[in-house]
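Asks: I'll drop the sequence and a predicted model, then ask my questions.
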Amino acid sequence: MAKPTSQFVCQSCGAVYTKWAGRCDACGEWNSLTEESRSDTPKALGGGAKGGRKLELVGLSGTSKAPPRMPTGISELDRVTGGGLVPGSALLVGGDPGIGKSTLLLQAAAALADTGLSIAYISGEEAVDQVRLRAARLGLTDSNVGLASATNFRDIASTLDDPQGPQVVIIDSIQTMYMDTLDSAPGSVSQVRACSHELIRLAKTRGFALFLVGHVTKEGSIAGPRVMEHMVDTVLYFEGERGHQFRILRAVKNRFGATDEIGVFEMTQGGLVEVTNPSALFLAERRGNVSGSCVFAGMEGSRPVLVEIQALVAASGLGTPRRAVVGWDSGRLGMVLAVLEARCGLALAGNDVYLNVAGGLRIGEPAADLAVAAALMSSATGTPVPADLAVFGEIGLSGEVRPVAQADVRLKEAAKLGFAEALAPPRRKSRATKPTKKAPDAAGPREAEAARAADSLTVREIGHLQDLVALFPTENLSRKDDAASE
Ligand code: TYD
Ligand code: MG
């Protein structure tokens, strides 16, 4: 029987099937399988070990220099990359179409060029004139960036494969690039994988830092950057709500730095502007004295970020009450509601509950539990939380409030922004004897400064969720009959 000449490849995760199916078994994505030519997959290496070179195995210890860094001139980008670009490394910048990837990278290209590096910006999506127009709008026309509009990999490779070539290369986007030796259409998994592989290999041999832009789309016709995530050194996601002007650059993988850092930008008429004090920005639209709003003192990487959490608890007209969550984990909301019911006797589960993190930020920390509970209680009782109160703490299943990391940094940030009071978990056992207001006797100057700043703040320790509930007038709330009397 003749061998089939085509195969079906999931455009989301790259899994290969011999038959078409509606759903990819590997990643669960629907309608993501498309037909591709079998000749596009590389042949397995025949001939076993013949012709190979013996590898020299070395120990784990040894002297390796820290990788040299090229600062980008945009400090939020430096923060996310871990201190600048590493020569020979590849960065993937993913994000929804229209979120501002091209704008960010054009600004980065100009900033890098201004530090004296040679830059190649290769756009496959826009013509040279379009990019120039954008550069003019952003006021970047004086920067020495090498610009080209191209999609054929052959042309790009012969430009970059040069010892005198550029030090930083930006490919916008990888989905528009194609190799004429493959039959598949540009944007298919085979093309994206082959082009990125070759570009990354070129980056390694020629030592340039490579930015690859990748779109994230739900449609199966364009390969998700997922298939490239394992090939590159760093994966950055550029996210934000289209209706909001805030944009967040988040590292989800970084071989040269921490992955929990974020860079915050604001999209303005003149392009992306760095936001050095995100808390002030996220709290800017807050209106005082409304119920259902509470400020959470959170951490994003090494940086404290204060953000408003809004909740709405409303009587439900439906058999199954609605739950809608923006910016937080809906499973976690269910848990907080269940603990409020089981441990504090408050029957909120029959209500519609809406939760929103203001400003389009996405919170992943369990430390937000207590702030969410406070926002829920505030909405349910119609009692505003004081505008100068910041809250943080993780809630356990028995209703206990658990300590969270970097409490001092959170308190310091709250004090700096003029908050007068904080609800926080009890300090860990070893420190329990210390007074809540820390004396400025701490070891380093930074700790002393933190303690001084936190001094203007009254910290109220909340050991159990019931202590929080006791701060609200709960007479009018429906109670569970078998309230937590045990
Ligand atoms: P763009 O960088 O083209 O997005 P992507 O490359 O991720 O698809 O950004 C597109 C949006 O940004 C567009 O809707 C207009 C907006 N924008 C501004 O608000 N200000 C600006 O200065 C620029 C250049 C774009
Ligand atoms: Mg673009």
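Replies: Yep, that arrived. Worth saying up front: this structure is predicted, and the values here are computed from it rather than measured. Ligands and ions are numbered 1, 2, ... in the order given.

Asks: hey, let's count contacts and neighbours off CA atoms from now on
Replies: OK.

Asks: D96 contacts V216, doesn't it?
Replies: Yes - applying CA atoms under 8 Å, one finds D96 in contact with V216, separated by 5.2 Å.

Asks: now do the contacts for whichever residue of the stretch 251-400 of the chain sits closest to ligand 1.
Replies: Going by CA to the nearest ligand atom, ligand 1 is nearest to G271 of the stretch 251-400 of the chain, at 3.3 Å. Applying CA atoms under 8 Å, 6 or more residues apart in numbering to G271 gives the contacts 103-104, 138.

Asks: restricted to helices, list the residues you listed.
Replies: 103-104, 138 (DSSP state H).

Asks: possible to save those residues as JSON lines with neighbour count and distance to E285?
Replies: Listed next are these as JSON lines, based on neighbours: other CA atoms under 10 Å; distance: CA to CA, whole Å:
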{"residue": "T103", "neighbour count": "18", "distance to E285": "25"}
{"residue": "L104", "neighbour count": "20", "distance to E285": "25"}
{"residue": "L138", "neighbour count": "17", "distance to E285": "27"}
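
Asks: ok, which of these also contact ligand 1?
Replies: Filtering the ones in helices among the contacts of G271 for proximity to ligand 1 by CA under 6 Å from any ligand atom leaves 103, 138.

Asks: ok so, going back, out of the contacts of G271, flag the one nearest to ligand 1.
Replies: Taking CA to the nearest ligand atom as the measure, ligand 1 lies nearest T103 of the contacts of G271, at 3.7 Å.

Asks: quick check: closest non-adjacent residue to the closest one.
Replies: Spatial nearest neighbour of T103, chain neighbours left out: G271 (6.7 Å); criterion: CA to CA, 6 or more residues apart in numbering.

Asks: how about the helices in the stretch 101-250 of the chain?
Replies: 101-114, 128-138, 153-160, 189-206 (DSSP state H, counting those that start in this stretch).

Asks: tilt between the longest one and helix 153-160?
Replies: Angle between the axes of helix 189-206 and helix 153-160 is 10 degrees (criterion: axes from the mean of the first three to the mean of the last three CA atoms, to 10 degrees).

Asks: what's helix 189-206 in contact with?
Replies: Residues outside helix 189-206 that contact it (CA under 8 Å, 6+ apart): 9-11, 14, 36, 40-41, 88-90, 153, 157, 160-163, 165, 174-175, 177-179, 182, 184-186, 209-210, 222-223, 227-228, 231-232.

Asks: buried ones in it?
Replies: 189-196, 199-200, 202-204, 206 (16 or more other CA atoms under 10 Å).

Asks: could I get the CA-only coordinates of it as CSV?
Replies: Output in CSV follows, covering the C-alpha atoms of helix 189-206 (Å, rounded to 0.1, in the frame of the first residue of the first chain):
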residue,chain,number,x,y,z
VAL,A,189,3.1,24.6,12.5
SER,A,190,5.7,23.1,10.0
GLN,A,191,6.6,26.6,8.7
VAL,A,192,6.6,28.3,12.1
ARG,A,193,8.7,25.5,13.6
ALA,A,194,11.2,25.3,10.7
CYS,A,195,11.6,29.0,10.4
SER,A,196,12.1,29.6,14.2
HIS,A,197,14.5,26.6,14.4
GLU,A,198,16.7,28.0,11.6
LEU,A,199,16.5,31.6,13.0
ILE,A,200,17.5,30.4,16.4
ARG,A,201,20.3,28.4,15.0
LEU,A,202,21.5,31.5,13.1
ALA,A,203,21.3,33.6,16.3
LYS,A,204,23.5,31.1,18.1
THR,A,205,26.1,30.9,15.4
ARG,A,206,26.2,34.6,14.7
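
Asks: ok now that helix, how far from the chain's centre?
Replies: Distance of helix 189-206 from its chain centroid, counting by CA atoms, centre = their mean, to the nearest Å, is 25 Å.

Asks: tell me what A209 is bridged to.
Replies: Beta-bridge pairing for A209 (DSSP bridges): V168.

Asks: following whichever helix or strand L272 is part of, which helix or strand shows up next?
Replies: Using DSSP states H and E, L272 sits within strand 271-274. Remark: after strand 271-274, the chain's next helix or strand is helix 278-282, criterion DSSP H and E.

Asks: who are the packing partners of that next one?
Replies: The contact analysis (3 or more CA pairs under 8 Å, 6 or more residues apart in numbering; DSSP states H and E) places helix 278-282 against strand 303-315.

Asks: given the strand it packs on, what are its sheet partners and their directions?
Replies: strand 293-300 (antiparallel), strand 351-357 (antiparallel).

Asks: hmm, who's touching it?
Replies: Strand 303-315 is contacted by residues 261, 278-280, 282-283, 286, 292-299, 348, 350-358, 371-372, 375-376, 379-380, 409-410, 413-414 when judged by CA under 8 Å, 6+ apart.

Asks: show me how to select, in ChimeraX, the buried members of these.
Replies: Buried subset of those, written as a ChimeraX selection, criterion 16+ other CA under 10 Å:
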select :261,278,279,282,283,286,292,293,294,295,296,297,298,299,348,350,351,352,353,354,355,356,357,358,371,372,375,376,379,380,409,410,413,414
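
Asks: got the residues of the stretch 251-400 of the chain near ligand 1?
Replies: Residues of the stretch 251-400 of the chain found near ligand 1 (CA under 6 Å from any ligand atom) are 267-271.

Asks: could I get these as JSON lines with pLDDT?
Replies: As requested, those are exported to JSON lines (pLDDT from 0 to 100):
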{"residue": "M267", "pLDDT": "90"}
{"residue": "T268", "pLDDT": "90"}
{"residue": "Q269", "pLDDT": "89"}
{"residue": "G270", "pLDDT": "88"}
{"residue": "G271", "pLDDT": "91"}
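
Asks: in its sheet, which strands sit next to the strand holding L272, and in what direction?
Replies: strand 262-268 (antiparallel).

Asks: just how off-centre is the strand it pairs with within its chain?
Replies: 12 Å.

Asks: nice, that's everything, thank you.
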